[in-house]
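sequence and predicted structure, then a few things I'm wondering about:
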Amino acid sequence: MMYRSKAPLRIGLAGGGTDVSPYSDLYGGAILNATVSLYAYANIEPLKENAIILQTLDRKEEERYEWNSSLPINGKLDLLKGVYNRIQKEYGMPLTGFRLSTYVDAPAGSGLGTSSTLVVAIIGAFVEMLRLPLGEYDIAHLAYEIERKDLAMAGGKQDQYAATFGGVNFMEFLAGDKVIVNPLRIKQHYLFELENNLVLYYTATSRESAKIIEKQSANVVEKKEKSIEAMHQLKSQAQMMKEALLKGRIHEIGEILDFGFQQKRKMAEGISNSLIDEIYETAKRNGATGGKISGAGGGGFMTFYCPDNTKYAVMEALNQFGGYVKHYQFVDHGLTSWTI
């Protein structure tokens with residue numbers, strides 16, 4: 001018997017960073033994102049031996065423990081252990097050993113929500129195994145609490161909800177960890193055009209998003225007007241993006257992304273750097289009308305809007321930086337789990 005699950009990674013299109021406390025608690029945040037055909041996978045295989053084996057197949061890491069109701073949080077596979085500890089605490093598990101193995105289609109720290117999506121996928125496998133009566137909001141909120149509270153990892157709220165719900169969503173973030181997910185009914189040919197024109201480029205650098213997010217949060221606490229105003233503008237950008245997509249004004253997407261890129265750089269130190277700026281300007285010189293840094297910034301993936309047929313010139317121009325273009329499709333499904 002094997003319990004499997006997968007959850008899609010996401011591309012943030014607008015409003016990134018406004019889902020992070022304390023900004024979202026004080027002012028309310030808004031984000032528009034879309035899930036893509038890159039996934040985090042989790043598999044649970046019951047064992048006859050009295051052991052818990054944890055494996056990340058993409059990173060080739062493994063931890064082995066005798067069966068215990070709580071595993072140590074010590075910097076080694078903590079995401080996997082954090083989910084197990086919370087599921088054990090909240091719902092209890094049979095006194096049997098198991099192997100939990102995971103795989104993610106993108107590198108950690110790349111800005112596509114890999115960590116949160118992995119947590120969602122692991123929860124999905126346990127939900128499948130234990131037949132837990134959890135809905136989409138329940139799973140997303142549980143994933144958020146495991147990361148932000150149990151494991152004390154800095155970050156926002158969008159990734160857990162994107163991975164769980166899937167599709168193109170306009171999300172609102174309010175005080176008290178309240179989140180409202182609004183699925184957008186975008187005409188298929190609008191999405192095809194957006195998908196055709198968006199280039200997803202991996203800079204071949206990763207970053208520790210927690211440090212950037214901590215600076216961003218501190219700027220709000222310290223009432224730094226430049227940073228807070230930039231977040232207000234990014235929240236407006238999410239509304240602009242929503243209207244452009246729903247009304248089919250796809251030609252405006254590049255300018256809306258460019259507006260957001262300029263604002264996001266003002267949120268916190270480290271979001272951009274000389275390499276990111278050079279990559280961005282090179283893409284624009286070769287036909288892109290705008291773009292963005294994925295996730296917290298500092299490295300990882302970047303996204304560029306390339307109208308007409310300019311994406312081919314942009315992709316060729318970016319070759320000089322040693323990264324690579326990642327091909328994808330938009331997907332409308334979120335977390336999926338099954339038993340074999």
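Yes, it's here.

break the chain down into its domains, please.
With domains defined by automatic domain parsing, the chain comprises 3-185, 188-325.

and the ones you listed, which one averages the lowest pLDDT?
Lowest mean pLDDT of the domains of the chain: domain 188-325, a mean of 87.

what helices or strands is the helix or strand where Pro8 lies leaning on?
Assigned by DSSP states H and E, Pro8 falls within strand 3-14. Applying 3 or more Cβ pairs under 8 Å, 6 or more residues apart in numbering; DSSP states H and E, we find strand 3-14 packed against strand 29-47, helix 114-130, helix 158-165, helix 225-246, helix 253-264, strand 336-339. Glycine gets a C-beta too; all of them are placed from N, C-alpha and C.

give me the angle between the third one and strand 29-47.
Inter-element angle recorded for helix 158-165 and strand 29-47: 60 degrees (by axes from the mean of the first three to the mean of the last three Cα atoms, to 10 degrees).

so which elements touch helix 158-165?
Packing contacts for helix 158-165, counted by 3+ Cβ pairs under 8 Å, 6+ apart, involve strand 3-14, strand 29-47, helix 114-130, helix 136-145, strand 168-174, strand 178-183.

could those go into TSV alongside mean neighbour count?
Below are the helices and strands packed on helix 158-165 laid out as TSV (neighbours: other Cβ atoms under 10 Å):
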stretch	mean neighbour count
strand 3-14	27
strand 29-47	23
helix 114-130	27
helix 136-145	21
strand 168-174	22
strand 178-183	15
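
export these to TSV and tack on distance to Pro22?
Formatted as TSV, the helices and strands packed on helix 158-165 follow (distance: least, Cβ to Cβ, whole Å):
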stretch	distance to Pro22
strand 3-14	20
strand 29-47	11
helix 114-130	19
helix 136-145	15
strand 168-174	11
strand 178-183	14
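
need the contact list for the spatially most central residue of the chain.
Centroid check for the chain by Cα atoms, centre = their mean gives Gly113 as the closest residue, at 2.0 Å. Shown in contact with Gly113 (Cβ atoms under 8 Å, 6 or more residues apart in numbering): Leu9, Arg10, Gln158, Asp159, Ala162, Ala163, Gly295.

farthest pair within those?
The most widely separated members of those, counting by Cβ to Cβ, are Ala163 and Gly295 (13.5 Å).

run through who's touching stretch 40-47.
Here stretch 40-47 makes contact (Cβ under 8 Å, 6+ apart) with 1-7, 9, 53, 96-105, 114, 117-118, 120-122, 124-126, 128-129, 163.

same question, stretch 30-37
With Cβ under 8 Å, 6+ apart as the test, stretch 30-37 has contacts from 8-16, 18-19, 112, 158, 162-163, 166-173, 184, 200, 235, 238-239, 241-242, 245, 328-334.

dump that stretch to CSV, restricted to CA.
In CSV, the C-alpha atoms belonging to stretch 30-37 read as follows (Å, rounded to 0.1, in the frame of the first residue of the first chain):
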residue,chain,number,x,y,z
ALA,A,30,-3.9,41.1,-1.8
ILE,A,31,-2.1,38.8,-4.2
LEU,A,32,-2.8,37.3,-7.6
ASN,A,33,-1.0,34.0,-8.4
ALA,A,34,-1.3,31.0,-10.7
THR,A,35,-0.3,27.4,-10.3
VAL,A,36,1.9,25.7,-12.9
SER,A,37,2.9,22.2,-14.0
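
and that stretch, how far out from the chain middle?
Taking Cα atoms, centre = their mean, to the nearest Å, one finds the center of stretch 30-37 at 8 Å from the center of the full chain.

now stretch 61-74
Chain-centre distance of stretch 61-74: 26 Å, with Cα atoms, centre = their mean.

can you point out the buried residues in that stretch?
By 16 or more other Cβ atoms under 10 Å, the buried positions in stretch 61-74 come out as Glu63, Leu71.

ends of that stretch, how far apart?
The first and final residues of stretch 61-74 sit 14 Å from each other (Cα to Cα, to the nearest Å).

do the same with stretch 91-100
Start and end residues of stretch 91-100 are separated by 18 Å (Cα to Cα).

buried set for that stretch?
Buried, per 16+ other Cβ under 10 Å, within stretch 91-100: Gly97, Phe98, Arg99, Leu100.

return the member of those nearest to Gly28.
Among those, and counting by Cβ to Cβ, the member closest to Gly28 is Leu100, at 36.6 Å.
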